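Novice: Would you be able to build a 3D model of this:
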Amino acid sequence: PCHILSCARPAPASSDTAACRQPPPGLPTETRRQMSADLANPAAGGSILSATSFDMMHAPDSIIDGDPSSFWSTTGSYPQEFVLKLGTESDVESISTYTANVRKMTVETCTGMSPQGWEQLYEVDVEDEHGSLQVSTQNIPSAATFVKFKIKSGWADYATVHKVSVQGKSR
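Specialist: Okay, here's the model as predicted:
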């Protein structure tokens with residue numbers, strides 16, 4: 001059976017701020033809000049709220065830890081999912097996923113104080129890269145506080161998620 005686990009690990013001290021395109025410090029708050037940023041990054045308030053599988057070596061928070069060598073690994077049967085909590089309600093511009101062995105994935109969003117009332121944002125069939133990194137970017141504007149990634153099927157028994165990037169602006 002699948003269990004929803006809460007996953008909270010502090011971001012590593014050496015987070016990759018260039019990759020998350022955070023605005024430089026010292027900018028007025030209004031200017032910072034107008035710039036697009038990676039809302040999934042812990043520095044922007046992003047956190048993994050839950051996941052359907054947990055492996056100590058490949059924990060769910062590895063998806064957003066900024067370490068290119070880390071990843072979350074599913075632990076067998078499909079579907080598998082994880083929920084990303086953004087720091088605040090945001091205007092999402094695009095979502096990028098960096099995965100391996102994912103065949104079909106849906107992405108859902110919701111707004112508000114708790115993750116309920118999900119609306120499907122998109123579904124994507126990901127090409128088989130034979131275990132190599134799969135990169136998928138969807139430019140679909142949406143409001144979101146929470147983003148659910150559901151891996152519906154895979155090209156192998158296990159799939160991995162190396163990174164997600166949610167580009168947009170906090171409201």
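
Novice: Chain neighbours aside, what residue packs nearest to V92?
Specialist: G168 (4.2 Å; Cβ to Cβ, 6 or more residues apart in numbering). Backbone N, C-alpha and C define where each C-beta goes, glycine included.

Novice: was I right about the one you found contacting S96?
Specialist: No - with the criterion set as Cβ atoms under 8 Å, G168 and S96 do not qualify as a contacting pair; they are 11.7 Å apart.

Novice: Have a look at these two and say which one is more surrounded.
Specialist: For G168 against S96, the residue with the higher neighbour count under other Cβ atoms under 10 Å is G168, and the figures read 22 against 16.

Novice: partners of that one in the sheet?
Specialist: Applying DSSP bridges to G168 gives these bridge partners: A37, V92.

Novice: what sits against it?
Specialist: The contact partners of G168, by Cβ atoms under 8 Å, 6 or more residues apart in numbering, come to 36-37, 39, 90-94, 144.

Novice: Helices of the protein, start to end?
Specialist: Secondary structure of the chain, counting by DSSP state H: helices at 17-20, 29-34.

Novice: where among these is the average confidence lowest?
Specialist: With a mean of 34, helix 17-20 has the lowest mean pLDDT of those.

Novice: in stretch 150-168, what counts as buried?
Specialist: Within stretch 150-168, the residues scored as buried using 16 or more other Cβ atoms under 10 Å are 150-151, 154-155, 158-168.

Novice: and the least confident of those?
Specialist: When the buried residues of stretch 150-168 are compared on pLDDT, Y158 comes out least confident, at 93.

Novice: That one and Q120, how far apart?
Specialist: In this structure, Y158 and Q120 are 25 Å apart, going by Cβ to Cβ, to the nearest Å.
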